[in-house]
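**Q** Here is a sequence with its predicted model. Questions after.
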Amino acid sequence: QVQLVESGGGLVQAGGSLRVSCAASGIILSINAMGWHRRVPGKQRELVATITSGDNTIYADSVKGRFTISRDNRKNTVNLQMNSLKPEDTAVYFCNVAGKGLRGPFDSWGQGTQVTVSS
């Protein structure tokens, strides 16, 4: 079983920066995509950014140019650097990692970390 542990997040003023990180643990044979999603109460969860094993990235239009996703394959971690934060970025951010473990394919989610941007 692959588990994800998120860190970072918190409270910041509009225009500020935050970094959230996610570490995958367990017996991992390979990792395909790693990504971040977010959810605002009353709304559906949305993709923020994703990065593939070939370092191809996809960003939501709302965060392009402000957020940067990166991964460390040796440490099985994925990071999201968030700059020029806006109040509308306030949400619970979830890490997602998909790959292959000892028991076959996995698609794991973190517990979520709160990001709050004050105006």
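**A** Looks like it came in fine. Numbers count the residues shown, from 1 in each chain.

**Q** Point to the residue nearest the middle of the chain.
**A** residue 36 (2.7 Å; CA atoms, centre = their mean).

**Q** Tell me if it really is in a strand.
**A** Yes. The assignment for residue 36 by DSSP: H, G, I helix; E, B strand; the rest coil puts it in a strand.

**Q** what residues are up against it?
**A** When contacts are counted by CB atoms under 8 Å, 6 or more residues apart in numbering, residue 36 touches 20, 22, 47-50, 69, 78, 80, 93-96. C-betas here are computed from N, CA, C, even on glycine.

**Q** ranges for the strands of this structure?
**A** 3-8, 10-13, 18-25, 28-39, 46-51, 57-59, 67-72, 77-82, 91-101, 104-109, 113-118 (DSSP state E).

**Q** circling back to that earlier point, can you go through the contacts of residue 36 and name the buried ones?
**A** When the contacts of residue 36 are checked for burial by 16 or more other CB atoms under 10 Å, the buried set is 20, 22, 48-50, 69, 78, 80, 93-96.

**Q** Let me have those residues in JSON lines, adding pLDDT as columns.
**A** Shown next, in JSON lines, are the buried ones among the contacts of residue 36 (pLDDT from 0 to 100):
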{"residue": "20", "pLDDT": "98"}
{"residue": "22", "pLDDT": "97"}
{"residue": "48", "pLDDT": "98"}
{"residue": "49", "pLDDT": "98"}
{"residue": "50", "pLDDT": "98"}
{"residue": "69", "pLDDT": "98"}
{"residue": "78", "pLDDT": "97"}
{"residue": "80", "pLDDT": "98"}
{"residue": "93", "pLDDT": "98"}
{"residue": "94", "pLDDT": "97"}
{"residue": "95", "pLDDT": "97"}
{"residue": "96", "pLDDT": "97"}
